[in-house]
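**Q** need a 3D model of the following:
(one chain, ligands or ions: 1)
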Amino acid sequence: MEMFPSPLESAKFIAGNSKDVSVDEEGVRRVAESLFDKASAAEFGLAGWKSLHELNPRAASEEAVNWVFLVDTLNFSFWAEQEEQKYLVKYKDKTYSGYWSLCAAVNRALDDGIPITSASYFATMTLDQVRHVFRSDTEVPIPLIEERHQVLNESGTVLLEKFGGSFLTCVKMSEKNAQKLLHLILENFPSYRDEAVFEKKKVSFYKRAQILVADTWSVLEGKGDGSFDDISTLTIFADYRIPQVLVHLKAMKYSEELMKKLREGTIFQSGDKEEVEIRGCSIWCCALICKHLLELYEKKGQDMREKINAVLLDYYLWDYARDHREEMKDTPFHRVRCIYY
Ligand SMILES: Nc1nc2c(c(CN[C@H]3C=C[C@H](O)[C@@H]3O)cn2[C@@H]2O[C@H](COP(=O)(O)O)[C@@H](O)[C@H]2O)c(=O)[nH]1
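**A** Next comes the predicted model:
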């Protein structure tokens, strides 16, 4: 078995053998066409990571890179059992939910003088300190607090022992190659090994490892240590929002049986066949959307390979899902409690 299977090859294999989830070629084409004009707009580009999101760091410094590492180490499982009772964090007179509540809690801690992005701090944080930093402004605590404590201590210890306490050291070791950085992350940080077995084959998604590479590229604005020449080899990040938006946009379809389970709020386990099919088909579906988009531009004589890749498509679709919550409420997302996404 391959040490670290490729998420793209895994996705192709899963999509080719999936029973309850299918990629809709016509739907893929329609989504690509609908994105055609947007893809050349400014907010589709790398700059949107900072210009569209006030909680993301403004700087491209070592401190900003370590902010990204901390956040992506904890970038999982924000969904609430009941939509009306969820973890929320107030920061600078705004209330944040989901992924943004994590960022708000981190920025709140930094403002309070807690060095939460320093490996020397989070390597030895106690559970009570983690509870304090990520305290909720509702009755509902952040999900998986014990697991967050464990991955913080583990990742901080590795960062101290192998990379001098700074993720920028790891980035420099990748020599501006995204795949090399991805493999450094997988080799050294166990909590990022987001894998499964499907039809007796080891498959991977590496959602947090790939988004860590992507967010590092973004916070460094694609320059200097972050000028990855192979950023387009990353796939989208198979979380629980991208599948939801792909089904909503009719680029992906669920069987009646699976849709029924999702509507009932079934909680799946990491590695369940349905979960693997949903995540694998999402990655494959977005690879096809990217391919169609590039072909549409090519027909117009435009080479958009610098402007269109799975990372930027992912960011766009994820932000779309965030901005169209109401319209998407009848399309269920799959529920798994895990540290991978
Ligand atoms: N595929 C994908 N999944 C992403 C992100 C992000 C945050 N990235 C943003 C930050 C800067 C960039 O500009 C991005 O806009 C979080 N997640 C995942 O979503 C879920 C949370 O969702 P909700 O409950 O609605 O907040 C959870 O699994 C979390 O891990 C992304 O970008 N892509």
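**Q** please count neighbours and contacts with C-alpha atoms only from this point.
**A** OK.
**Q** quick check: residues of the stretch 51-200 of the chain near the ligand?
**A** 75-79, 98-99 (C-alpha under 6 Å from any ligand atom).
**Q** try it again at 8 Å.
**A** Residues of the stretch 51-200 of the chain lying close to the ligand (C-alpha under 8 Å from any ligand atom) are 52-53, 56, 72, 75-79, 97-101.
**Q** out of those residues, which are buried?
**A** The neighbour count (16 or more other C-alpha atoms under 10 Å) marks 56, 72, 75-79, 97-101 as buried among these.
**Q** may I ask which two of these are separated the most?
**A** Within these, 56 and 79 form the most distant pair, 20.6 Å apart (C-alpha to C-alpha).
**Q** ok, back up a step: of the residues of the stretch 51-200 of the chain next to the ligand, which is the nearest to residue 250?
**A** Looking across those and measuring by C-alpha to C-alpha, the closest to residue 250 is residue 79, at 22.7 Å.
**Q** for the closest one, helix, strand, or coil?
**A** coil (DSSP: H, G, I helix; E, B strand; the rest coil).
**Q** still on that earlier bit, among the residues of the stretch 51-200 of the chain next to the ligand, which ones are in helices?
**A** The helices, defined by DSSP state H, take in 72, 98-101 from these.
**Q** for residue 151, list the residues it contacts.
**A** Residues in contact with residue 151 (C-alpha atoms under 8 Å, 6 or more residues apart in numbering) are 73-74, 191.
**Q** got the buried residues for the strand or helix carrying it?
**A** Assessed by DSSP states H and E, residue 151 sits inside helix 145-163. Going by neighbour count (16+ other C-alpha under 10 Å), the buried part of helix 145-163 is 145, 148-160, 163.
**Q** neighbours of the closest residue to residue 156 other than its chain neighbours, just the number please.
**A** Spatial nearest neighbour of residue 156, excluding adjacent residues (C-alpha to C-alpha, 6 or more residues apart in numbering): residue 123 at 4.0 Å. By the criterion of other C-alpha atoms under 10 Å, residue 123 has 22 neighbours.
**Q** torsion angles phi and psi at residue 60?
**A** Residue 60 adopts backbone torsions of phi -120, psi 40, taken as degrees, to the nearest 10.
**Q** find the nearest non-adjacent residue to it, please.
**A** Nearest non-adjacent residue to residue 60 (C-alpha to C-alpha, 6+ apart): residue 220, at 4.8 Å.
**Q** give me the phi and psi angles of the one you found.
**A** With angles defined as degrees, to the nearest 10, residue 220 sits at phi -90, psi 10.
**Q** that one contacts residue 58, doesn't it?
**A** No - counting by C-alpha atoms under 8 Å, residue 220 does not reach residue 58; the two are 9.8 Å apart.
**Q** and these two? Which one has more around it.
**A** With neighbours defined as other C-alpha under 10 Å, residue 220 and residue 58 compare such that residue 220 has more, 21 against 14.
**Q** contact partners for that one?
**A** Residues near residue 220 by C-alpha under 8 Å, 6+ apart: 60-61, 65, 226-227.
**Q** surely residue 116 and residue 124 touch.
**A** No - using C-alpha under 8 Å, residue 116 is not in contact with residue 124; the gap is 10.9 Å.
**Q** show me which of those two is the more surrounded one.
**A** Comparing residue 116 with residue 124 by other C-alpha under 10 Å, the one with more neighbours is residue 116, at 23 against 16.
**Q** got a pLDDT number for the more buried one?
**A** Listed pLDDT for residue 116 reads 98.
**Q** burial of the nearest residue to residue 146 once chain neighbours are set aside, as a residue count?
**A** Once flanking residues are discounted, residue 146 sits nearest to residue 127: 7.0 Å by C-alpha to C-alpha, 6+ apart. The tally of other residues near residue 127 (other C-alpha under 10 Å) stands at 16.
**Q** cool, residue 291 as well?
**A** 18.
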